[in-house]
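[1] coords below, sequence missing:
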């Protein structure tokens, strides 16, 4: 029964591959790029070591933005997860949810760090009130995007980060911010966007999020209008809507995560953005805005797998031609040892030539079935396939939670083959 429950939950996530043929990203017009342009001084960041383990170190850092013409001189602060023993590693820029609640995204940053990535969580605590941002929405978008670009400027100064492999992950407000910086800055090579939508005027006037509703009420009082009037005001004052910027993102480089029952960022608007992005690779979960957290382990593993694919180093060039050996006499052939081809991984099978959809379905089925069997064994079931060898094992699952890192899972397996 436990296996059936887990299988049904895993099977509920709908995975869609990139649409083929897909749209091509359009160059950003100069007048649009100018919105996110800036002049700034040299960065001098201060870092302090917080903790370290055998894999990575965690620093708290900050630097003055020094953005010419900006009235926001608040230091840009962040957490930096640095790989140990790796000269050049890729980096993921992790952008938090509303009001910069970093503890929500730390499980992603630590997971990336545990799997060979540097990571930077940007502190995005609201510089102004939500009400001020709602009354000046375009200015808020541009200001935040430029500050995130300044973090990319800092990344350019770090010697052990591979600047050609920069990814961005964000959820909710972080997802919107991840989209903005991905569209505005060509240094971003891959983007994983969760719970983000198009049509900001609609999102801001129809969200169930309490803080957004309070800001909307304040804006309506200030403008002496109703909700529809506020929506029209936002339409007139937002130039950089996700729907208009989506065309400048390469759909091959985007992973989109949607929540079917989201009433904070409405699902139909998430679908509009997916279409505007050119129907990139996407995952839809049957959850609301908050309850999407139930899919944390699943989603972050899919994000990591996506980044691994998109940021993979080019394969090494094949070796040059080898001079042919003198042809042997027939009686020498029996004495000569056979020459084996170099092993390059799993053997190629006919299944690898199957259509992508079929291979994807088979992979999902294998993962779900294997996980279900593990859970069954945890509850005492020991089914063995008739044609398989008998293997006995013990699996223990545990975890530890703290305020900084969130939940850190631990799995131990003892097996006898």
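    Noted; the coordinates are in hand. Note that the coordinates shown come from a computational prediction; the quantities given were computed from them, not determined experimentally.
[2] and residue 225, backbone torsions?
    phi -140, psi 180 (degrees, to the nearest 10).
[3] What sits closest to it if chain neighbours are left out?
    Of all residues not flanking residue 225 in the chain, residue 233 sits nearest, at 6.9 Å (CB to CB, 6 or more residues apart in numbering). To be clear about C-beta, it is placed using only N, CA and C from the backbone, and glycine gets the same treatment.
[4] element containing that neighbour?
    Taking DSSP states H and E as the definition, residue 233 sits inside helix 227-237.
[5] And the very next helix or strand once past that helix, how far out from the chain middle?
    Where DSSP H and E defines the elements, the next helix or strand beyond helix 227-237 is helix 242-245. The gap between where helix 242-245 is centred and where its chain is centred comes out at 19 Å by CA atoms, centre = their mean, to the nearest Å.
[6] now stretch 293-304
    On CA atoms, centre = their mean, the centre of stretch 293-304 falls 9 Å from the chain's centre.
[7] next one: stretch 62-76
    Distance, centroid of stretch 62-76 to centroid of chain: 27 Å (CA atoms, centre = their mean).
[8] Distance of the nearest residue to residue 264 once chain neighbours are set aside relative to residue 194?
    Nearest residue to residue 264, sequence neighbours excluded (CB to CB, 6+ apart): residue 289, at 3.8 Å. Counting by CB to CB, to the nearest Å, the separation of residue 289 from residue 194 is 10 Å.
[9] which residues do these two both contact?
    The contact sets of residue 289 and residue 194 overlap at residue 172 (CB atoms under 8 Å, 6 or more residues apart in numbering).
[10] Just the pLDDT for the residue nearest to residue 225.
    We have a pLDDT of 98 for residue 233.
[11] give me the number of residues near it?
    Neighbourhood size, residue 233 [other CB atoms under 10 Å]: 19.
[12] Pretty sure residue 256 sits in a strand.
    Yes: looking at residue 256 with DSSP: H, G, I helix; E, B strand; the rest coil, it is inside a strand.
[13] I figured it hits residue 276, correct?
    No: the pair residue 256 / residue 276 is not scored as a contact, 10.8 Å apart, by CB atoms under 8 Å.
[14] the more surrounded of those two?
    residue 256 (25 against 20).
[15] Strands of the stretch 51-200 of the chain, residue ranges please.
    Remark: strands assigned in the stretch 51-200 of the chain by DSSP state E, counting those that start in this stretch are 56-63, 76-83, 89-95, 118-122, 161-171, 190-194.
[16] helix or strand right after the last one?
    Beyond strand 190-194 in the direction of the C-terminus, DSSP H and E gives the next helix or strand as helix 200-206.
[17] and that next one, what does it pack onto?
    Packing partners of helix 200-206 (3 or more CB pairs under 8 Å, 6 or more residues apart in numbering; DSSP states H and E): helix 210-223, helix 227-237.
[18] looking at these, which is closest to residue 27?
    helix 227-237 (25.4 Å; CB to CB).
[19] Please identify which of the strands of the stretch 51-200 of the chain is closest to residue 48.
    strand 56-63 (5.3 Å).
[20] Kindly calculate the angle that the closest one makes with strand 89-95.
    Angle of strand 56-63 versus strand 89-95, following axes from the mean of the first three to the mean of the last three CA atoms, to 10 degrees, is 60 degrees.
[21] For strand 56-63, name the packing helices and strands.
    strand 46-52, strand 76-83.
[22] got CSV for the ones you listed, with mean neighbour count and mean pLDDT too?
    Listed next are the helices and strands packed on strand 56-63 as CSV, based on neighbours: other CB atoms under 10 Å; pLDDT from 0 to 100:
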stretch, mean neighbour count, mean pLDDT
strand 46-52, 12, 97
strand 76-83, 22, 96
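[23] before we move on, the earlier item: of residue 289 and residue 194, who's got more company?
    Taking other CB under 10 Å, residue 289 and residue 194 do not tie; residue 194 has more neighbours (27 against 21).
[24] ok, now which ones touch that one?
    169-172, 174-175, 256-257, 292, 299.
[25] Just the closest of the residues you listed to residue 23, please.
    Once CB to CB is applied, the member of the contacts of residue 194 that ends up nearest residue 23 is residue 256, at 13.8 Å.
[26] how far away is that closest one from residue 33?
    23 Å.
[27] What of residue 291?
    Counting by CB to CB - residue 291 and residue 33 are separated by 38 Å.
[28] same check, this time on residue 130
    Distance from residue 130 to residue 33, by CB to CB: 27 Å.
[29] which of the two has more neighbours?
    residue 130 (21 against 14).
[30] now the more buried one, nearest residue through space, not along the chain?
    residue 215 (3.7 Å).
[31] Residue 174 now?
    residue 95 (3.6 Å).
[32] okay, now that neighbour: neighbour count?
    Neighbours of residue 95 (other CB under 10 Å): 28.
[33] Any stretches of the stretch 201-350 of the chain with poor pLDDT?
    314-350 (pLDDT under 70).
[34] Repeat the analysis, applying 90 as the threshold.
    Applying pLDDT under 90 to the stretch 201-350 of the chain flags residues 313-350.
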